[in-house]
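1. take a look and give me a structure for this.
(2 chains)
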There are 2 protein chains.
Amino acid sequence: MPFELTREYIDDLKLLIEKKDDAAALEKINPLHPADIAEIFSELEPDESQFLYYLLDSEKSADVLVELPEDEREQYIEEMPGEEIARKVIDNMESDDAADFLSELSEEKQEEVLQNLEDVEQAGDIADLLSYDEDTAGGLMAKELLKVNENWDVAKCIREIRKQASDVIEFYTVYAVDDDNLLNGMVSFKRLLISRPASRIKNIMKTDIISVKTDTPSEEVANIMKKYDLITLPVTDTIGRLVGRITIDDVVDVIKEEAEKDYQMISGITEDVEHSDNVFLLTRARLPWLVIGLTGGILGSMVISMHESELKISPEMALFFPLIGAMGGNAGVQSSSIVVQGIAAGTIDLQGIAGKLMKEVTVALINGIILSGLIFLYNLAFSDSFALTITVSVALFSVILFASVFGTFVPLALHKFNIDPALATGPFITTTNDIIGLSIYLAMGRLMYGIF
Amino acid sequence: MPFELTREYIDDLKLLIEKKDDAAALEKINPLHPADIAEIFSELEPDESQFLYYLLDSEKSADVLVELPEDEREQYIEEMPGEEIARKVIDNMESDDAADFLSELSEEKQEEVLQNLEDVEQAGDIADLLSYDEDTAGGLMAKELLKVNENWDVAKCIREIRKQASDVIEFYTVYAVDDDNLLNGMVSFKRLLISRPASRIKNIMKTDIISVKTDTPSEEVANIMKKYDLITLPVTDTIGRLVGRITIDDVVDVIKEEAEKDYQMISGITEDVEHSDNVFLLTRARLPWLVIGLTGGILGSMVISMHESELKISPEMALFFPLIGAMGGNAGVQSSSIVVQGIAAGTIDLQGIAGKLMKEVTVALINGIILSGLIFLYNLAFSDSFALTITVSVALFSVILFASVFGTFVPLALHKFNIDPALATGPFITTTNDIIGLSIYLAMGRLMYGIF
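-> Predicted coordinates for the structure are as follows:
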């Protein structure tokens, strides 16, 4: 059964640490999975988790380090000499984890660690991986893979796998290459097990395979693996030579992170924070949007004060300030978020921008007519001023139309210029929509009160 | 290389369909992966995709059906007799896909299909799977798995795998059970390949394994597989007997869907829509939130009109209606979304509610002091009314404090009562925050203008 971390467990552990009861504390955490130990560390004070960390043997503590969030990891490796990192930490890791781990260190420290690795090939692999952009297939892949020549037979292939497999953790597929290391096929373990020893790999391998290049963006890698339900994905260089493989568990993290990034943007949080982070981090992540919102509110007050003379004549217009502001923001975010999700799923490029805007205008027209119709009926029944009734309806209609089109256009434009389209769901655009909405409303009021 | 769908490709294909050129159209789509064909179908008109569908052979068309979104799939299977569904579609599917597929049909149709399956064991497996709630491990798992007795040796195990593996698509792990079918261990293919034929499974298997029960919620399954970087996860019944296995690709869909659901909720979209959906669907998904926003705006106007007499004396208060409304909404959504993400990640239950509220109050106090300080300075410099300056600052401070606490409390309370906490980021709470914010502001105004 998976381990479940409870408040009681943490309290017990804290007590053992306080009593400096090494043996009992180690006995409590040692049988757990490294991911669970990392979770426990995150719940403890730094000095408490450090106490536990030094109780673990070096393989276990390396595994725990891999599982820790980047910011918590620092305290353990900052003081560690490069030689110790090489021997105790990196030596127990797969190449992709090792590269991720090293990429957080300074360049001098990276070099120091790599030079101290006993296995020169491993050091070379890690150095290779460090050269790729972390948001590409090259940055996601690991070098460890089972590779056989397509001209071998199954028996030789199995002998070779026994040789290659000893120093790596887990495999799901065997890749078949030609004499130039060009990736030509894949053989599953199942296939190897059920084929005759004399069969040539060429004749049993699957040739219809999907691969990516080292510079394929991570988001595209995630979309491909998801779409084709792949467990592993081979990575080749530009001319098709096999250089690494990506497993789905690494991509799950990419999918999660992408989704979280978009979610944070739309909720107005500027950093990757969790409820368990400290008050300072939580405040810092939230203050920027609130400041932008405040600035927007001040700009809004300026817009209103420019129309002060009319408002003196028709003060009832103030009743609908909140309504107009909120509706512009809502309609805009709806439009933007649909475009942002489409871009993330990689399905947005098929229609031209014009086609998308046309559709958006149609949806906005329908919503606008229904909503301004509703508010018209409401004001007709309850408001004394027909000018106000007309103003609110026409302004609401215009605001919904404007915000929808603007909300569609901005993420598309950002995407075009290679800026994260999710920015469009963030504070700037919402605030802009609020202010423009107010301006439309007040301008409409000036016009309508002139007529009616 | 993965196939990339372009506008030109679709246009070419449409032309071939229009010319009823069967051979050329088939030649164009047949080499593609079923997932790509399904993507193409989604871009075509129903009669166009139906034309293509009937060109494909039955295995390929079954694969395409699996890949199609549920709502598009209906048109193909509605008219198909149960016998044909059994023979052409279900027979080519793994049990979990088959159960998902059948669960969309009426109960009579389900029975009809199951009775027409030639393989009685397969029919039994699917019927079993249909009995589980789709949001649990039972609903995610497949019945096909490689199972060996822990007392066998490797040679027998490989012979047995050759027998079991013939009718299933892919495996990554072999599960070891005792004579009572209790799950006791796991052996990887790598391990089998590199072990001596005479080794007993018991001696080479990994016993420290993670499994779930059939009634474990999907979200928890996803969190477990993500946390422990698992590719497959065995599922047992309540007493630990092996009944199925989940692969990570099925869980990727769960993760995506959960993230999308939360994202839609926070962006005010009530249904699972994409930019490519039709205008009617897009409108229907967006109108409900806008109507709630409109209702909130009307309630806001009522709140303001109740304070009409004060507003006549101090009309400048209207300048900051948009600011107060927006800030309440923003602060509330920030708090709610952090809690919602914590609940989704399964990490929220450790602290008590009181602890979380305390932390939230602290963050809100800091943000509130900074922001109300800023607006105080601004108004001190630019406003003629000291009463307004005080009112806006004190109200802003109170609104941020209230919205943050309310925004933290509501998703926790919803979660407690087993209601989706993401509701708290949706329209009701945001609108409530807007209105309460306005009320606080106006009440503050009455008080402050009385004093200053």
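
2. any idea of the pLDDT on the residue in the stretch 51-200 of chain A positioned nearest to chain B?
-> In the stretch 51-200 of chain A, the residue found nearest to chain B is A:Phe189; the distance is 3.5 Å by C-beta to the nearest C-beta. For glycine as for every other residue, the C-beta is placed from the backbone atoms N, C-alpha and C. pLDDT, A:Phe189: 78.

3. surely A:Glu274 meets B:Val340?
-> No - assessed by C-beta atoms under 8 Å, A:Glu274 is found out of contact with B:Val340, at 11.6 Å.

4. show me the shaky parts of the stretch 51-200 of chain A.
-> Scanning the stretch 51-200 of chain A for pLDDT under 70 picks out the ranges A:165-170.

5. and the stretch 1-150 of chain A, which residues reach chain B?
-> A:Met1, A:Pro2, A:Leu5, A:Thr6, A:Arg7, A:Ile10, A:His33, A:Ala35, A:Glu39, A:Glu43 (C-beta under 8 Å from any C-beta of the partner chain).

6. which residues of the stretch 201-350 of chain A fall in strands?
-> A:212-213, A:232-236, A:242-247 (DSSP state E, counting those that start in this stretch).

7. ok, the residue in the stretch 301-450 of chain A positioned nearest to chain B - how many residues close by?
-> Residue nearest to chain B within the stretch 301-450 of chain A: A:Leu323 (2.5 Å; C-beta to the nearest C-beta). By other C-beta atoms under 10 Å in any protein chain shown, the residues close to A:Leu323 number 28.

8. is A:Ala198 located within a strand, as I assumed?
-> No - read with DSSP: H, G, I helix; E, B strand; the rest coil, A:Ala198 is coil and lies in no strand.

9. how close does it get to A:Ala155?
-> 7 Å (C-beta to C-beta, to the nearest Å).

10. between those two, point out the one with more neighbours.
-> A:Ala155 (13 against 9).

11. quick one: contacts for the closest residue to that one other than its chain neighbours?
-> In space, and not counting its chain neighbours, A:Ala155 is closest to A:Pro197: 3.9 Å by C-beta to C-beta, 6 or more residues apart in numbering or on different chains. By C-beta atoms under 8 Å, 6 or more residues apart in numbering or on different chains, A:Pro197 lies in contact with A:Asp153, A:Val154, A:Ala155, A:Ile158.

12. related to what we said a few turns ago, narrow the residues of the stretch 1-150 of chain A next to chain B to those that are buried.
-> Among the residues of the stretch 1-150 of chain A next to chain B, the ones that count as buried by 16 or more other C-beta atoms under 10 Å in any protein chain shown are A:Pro2, A:Leu5, A:His33, A:Ala35, A:Glu39, A:Glu43.

13. how close does A:Leu281 sit to chain B?
-> Separation of A:Leu281 from chain B (C-beta to the nearest C-beta, to the nearest Å): 10 Å.

14. brain fart, A:Asp22
-> To chain B, A:Asp22 is 23 Å away according to C-beta to the nearest C-beta.

15. repeat for A:Asp11
-> Counting by C-beta to the nearest C-beta, the gap from A:Asp11 to chain B is 11 Å.

16. could you look up the SS state of that residue?
-> A:Asp11 ends up helix, using three-state DSSP.

17. domain parsing for chain A?
-> A:7-140, A:146-249, A:279-451 (automatic domain parsing).

18. got the buried residues for the host helix or strand of A:Lys356?
-> Here A:Lys356, judged by DSSP states H and E, is contained in helix A:353-382. Across helix A:353-382, burial judged by 16+ other C-beta under 10 Å covers A:356-357, A:359-368, A:370-372, A:374-376, A:378-379.

19. likewise stretch A:81-94?
-> A:Gly82, A:Ile85, A:Ala86, A:Arg87, A:Lys88, A:Val89, A:Ile90, A:Asp91, A:Asn92, A:Met93, A:Glu94.

20. which ones among these map onto helices?
-> A:Gly82 (DSSP state H).

21. relative to B:Gly139, which of the buried residues of stretch A:81-94 is nearest.
-> B:Gly139 lies nearest to A:Glu94 out of those, by C-beta to C-beta, at 32.7 Å.

22. now that closest one. Nearest residue, chain neighbours left out?
-> Nearest non-adjacent residue to A:Glu94, counting by C-beta to C-beta, 6+ apart: A:Ala142, 5.2 Å away.

23. from what I can see the one you found touches A:Arg245, true?
-> Yes - with contact defined as C-beta under 8 Å, A:Ala142 counts as touching A:Arg245 (6.4 Å).

24. I'd say A:Asn367 and B:Thr283 touch.
-> Yes - under the criterion of C-beta under 8 Å, A:Asn367 is in contact with B:Thr283, at a separation of 6.1 Å.

25. and the contacts of stretch A:353-362?
-> A:Ser335, A:Val339, A:Ile348, A:Leu401, A:Ser404, A:Val405, A:Thr408, A:Phe409, A:Leu412, B:His275, B:Val279, B:Leu282.

26. try 7 Å this time
-> The contact list for stretch A:353-362 (C-beta atoms under 7 Å, 6 or more residues apart in numbering or on different chains) reads A:Ser335, A:Ser404, A:Val405, A:Thr408, A:Phe409, A:Leu412, B:His275, B:Val279.

27. any idea how far B:Leu282 is from the closest residue to the last one other than its chain neighbours?
-> Using C-beta to C-beta, 6+ apart and skipping the chain neighbours, the partner closest in space to B:Val279 is A:Thr362 (5.0 Å). With the distance defined as C-beta to C-beta, A:Thr362 ends up 9 Å from B:Leu282.

28. swap in A:Glu74?
-> 46 Å.

29. comparing those two, which residue is more hemmed in?
-> Comparing A:Glu74 with B:Leu282 by neighbour count (other C-beta under 10 Å), the higher total belongs to B:Leu282, at 26 against 12.

30. give me the pLDDT value at the more buried one.
-> The model's pLDDT for B:Leu282 equals 84.

31. pLDDT on stretch A:259-279, on average?
-> On average, stretch A:259-279 scores 81.

32. which parts of it are buried?
-> Going by 16+ other C-beta under 10 Å, stretch A:259-279 has these buried residues: A:259-260, A:262-270, A:273-277.

33. could you do stretch A:284-299 as well?
-> In stretch A:284-299, counting by 16+ other C-beta under 10 Å, buried: A:284-287, A:289-290, A:292-299.

34. also within reach of chain B: list those from the residues you listed.
-> Among the buried residues of stretch A:284-299, the residues lying close to chain B (C-beta under 7 Å from any C-beta of the partner chain) are A:Arg286, A:Leu287, A:Trp289, A:Leu290, A:Gly293, A:Leu294, A:Gly296, A:Gly297, A:Ile298.

35. which residue packs closest to the first one, ignoring adjacent ones?
-> Put plainly, it is A:Arg286. Per C-beta to C-beta, 6+ apart, closest to A:Arg286 is B:Gln334, 5.0 Å.

36. what sits against that neighbour?
-> A:Ser267, A:Gly268, A:Ile269, A:Arg286.

37. kindly report the same for A:Leu447.
-> With C-beta under 7 Å, 6+ apart, A:Leu447 has no contacts at all.

38. sorry, back to before: out of the domains of chain A, flag the one nearest B:Lys206.
-> Short answer: domain A:146-249, nearest of the domains of chain A by C-beta to C-beta, at 10.7 Å.

39. and the closest one, how far from the chain's centre?
-> Domain A:146-249 has its C-alpha centroid displaced from the chain centroid by 27 Å (C-alpha atoms, centre = their mean, to the nearest Å).

40. now do stretch A:296-316
-> On C-alpha atoms, centre = their mean, the centre of stretch A:296-316 falls 41 Å from that of its chain.

41. ends of it, what's the gap?
-> 23 Å (C-alpha to C-alpha, to the nearest Å).

42. state the distance from A:Leu183 to A:Lys226.
-> Noted for A:Leu183: a distance of 21 Å to A:Lys226, by C-beta to C-beta.

43. apologies, that question was intended for A:Pro217.
-> 14 Å.
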